[in-house]
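Student: Return a 3D structure for these sequence lines:
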Amino acid sequence: MDFSAMNQTDSHHLRSNSLPSKPHPFIDQVDEHLHRFKEASEATSSCSSSELSHKLNGLQELHDCIDNLLLLPLTQHVLVEDSDTKPFDDLLEGSIRLLDLCDIAKDALLQTKECVQELESVLRRRKGSETFIASELQKCLSSRKLIKKTIYKALKTVQTKSCEQTQATPAIVSSLKQAEDVGYNVVESLLSFLAGPKFRSNSSRWSLVSKLVQSKRVACEVEETSRNEVALVDAALHSVCSQKTKKHDFLAQVENLQSSLKVFGSNIQELEGDLEALYRRLIKTRVSVLNIYNY
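Tutor: Predicted coordinates:
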């Protein structure tokens, strides 16, 4: 992003010993973070939990830089000058929508964690017939489907809102809007991760299940095909609930599901902490912008 135009426009108002004539290091830091996110989004279309955690942490660092940028007199001057314009209103509205989306993601994480805990509880007991175990897991599967449905509905809303964000804005406001768009993309990726893949038909679903639960090569297959931990858990859960295997295979699938849940549960816990930390930084950024406007 080029901030030279902003510097030139306001130089006759703000040129002083306290402000350098070249772009401030905070501006360069924001640009660098935004560039990294752009490259990352072009490199991959799906994320594992570790990649999502890395992106959430990267967003926290981006907003730390933005908070520093908002302390600059030049930044505050531009925001005050444009505080009565539509781009500024869009900026404030967009920050609220992003916080709302984070709330949806937080709820989805909580519901997914509770679903994982219920699954682990059922599998730990492992008493009764295969039919009983499959029946109990089927209840968990129904809960999982409701979670997926809620997430898919939220994702449709995100796609509609992001299409509306296309306006020429002052450079600093444009930078904040780009950070907002990055936030949308990352949280949307998190929701897509939690939703897992859609199965188009029973036949394709069970074909995928059979491939995923055949051997210990599952983890490698998941990584190679850009699938995530959710895809693996969903596939293993569908497989156990199907009751279409011999007892030996059924027990193997139960063990595979337990193993997948153990890893997945730990990752969900980490993502919860990362998202909560980001949420606090987003609130801090919004408060900083409002304080500049109300000053």
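Student: give me the element the residue lying closest to residue 276 once chain neighbours are set aside is part of.
Tutor: Nearest residue to residue 276, sequence neighbours excluded (CB to CB, 6 or more residues apart in numbering): residue 106, at 7.2 Å. All C-beta spots, glycine's among them, are computed from the backbone N, C-alpha and C. Under the criterion of DSSP states H and E, residue 106 resides in helix 86-125.
Student: Surely residue 186 touches residue 54?
Tutor: No - the criterion here is CB atoms under 8 Å, and residue 186 misses it with residue 54 at 10.0 Å.
Student: Comparing these two, which shows the higher neighbour count?
Tutor: residue 186 (23 against 14; other CB atoms under 10 Å).
Student: ok so, going back, can you list the helices and strands that the helix holding residue 106 packs against?
Tutor: Judged by 3 or more CB pairs under 8 Å, 6 or more residues apart in numbering; DSSP states H and E, helix 86-125 is in contact with helix 130-163, helix 171-195, helix 247-294.
Student: List the buried residues for the shortest one?
Tutor: Residues of helix 171-195 classed as buried: 171-195 (neighbour count, 16 or more other CB atoms under 10 Å).
Student: Let me know the angle separating it from helix 86-125.
Tutor: Orientation check (axes from the mean of the first three to the mean of the last three CA atoms, to 10 degrees): helix 171-195 against helix 86-125 gives 20 degrees.
Student: Summarise which helices and strands helix 171-195 is packed against.
Tutor: helix 4-14, helix 25-43, helix 49-69, helix 73-81, helix 86-125, helix 130-163, helix 229-242, helix 247-294.
Student: Now tabulate the ones you listed in JSON lines and tack on mean pLDDT.
Tutor: Putting the helices and strands packed on helix 171-195 into JSON lines (pLDDT from 0 to 100) gives the following:
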{"stretch": "helix 4-14", "mean pLDDT": "40"}
{"stretch": "helix 25-43", "mean pLDDT": "79"}
{"stretch": "helix 49-69", "mean pLDDT": "92"}
{"stretch": "helix 73-81", "mean pLDDT": "82"}
{"stretch": "helix 86-125", "mean pLDDT": "88"}
{"stretch": "helix 130-163", "mean pLDDT": "78"}
{"stretch": "helix 229-242", "mean pLDDT": "79"}
{"stretch": "helix 247-294", "mean pLDDT": "87"}
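Student: most packed of those?
Tutor: helix 229-242 (a mean of 23; mean count of other CB atoms under 10 Å).
Student: and it, C-alpha only, in PDB?
Tutor: What follows is helix 229-242, C-alpha atoms only, in PDB (Å, rounded to 0.1, in the frame of the first residue of the first chain):
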ATOM      1  CA  GLU A 229      -8.700 -32.700  11.400                       C
ATOM      2  CA  VAL A 230     -12.500 -32.100  11.200                       C
ATOM      3  CA  ALA A 231     -12.700 -34.000   7.900                       C
ATOM      4  CA  LEU A 232     -11.000 -36.900   9.600                       C
ATOM      5  CA  VAL A 233     -13.200 -36.900  12.700                       C
ATOM      6  CA  ASP A 234     -16.400 -36.500  10.600                       C
ATOM      7  CA  ALA A 235     -15.400 -39.400   8.300                       C
ATOM      8  CA  ALA A 236     -14.500 -41.700  11.300                       C
ATOM      9  CA  LEU A 237     -17.700 -40.800  13.100                       C
ATOM     10  CA  HIS A 238     -19.800 -41.600   9.900                       C
ATOM     11  CA  SER A 239     -18.000 -44.800   9.600                       C
ATOM     12  CA  VAL A 240     -18.700 -46.000  13.200                       C
ATOM     13  CA  CYS A 241     -22.300 -45.000  12.900                       C
ATOM     14  CA  SER A 242     -22.900 -46.900   9.700                       C
END
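Student: Run through the neighbouring helices and strands of that helix.
Tutor: So helix 229-242, by 3+ CB pairs under 8 Å, 6+ apart, packs with helix 130-163, helix 171-195, helix 202-212, helix 218-224, helix 247-294.
Student: Determine the set of other helices and strands touching the last one.
Tutor: Counting contacts by 3+ CB pairs under 8 Å, 6+ apart, the secondary-structure elements packed against helix 247-294 are helix 49-69, helix 73-81, helix 86-125, helix 130-163, helix 171-195, helix 229-242.
Student: what do you get for the first one?
Tutor: Counting contacts by 3+ CB pairs under 8 Å, 6+ apart, helix 130-163 is packed against helix 86-125, helix 171-195, helix 229-242, helix 247-294.
Student: Nice, that's everything, thank you.
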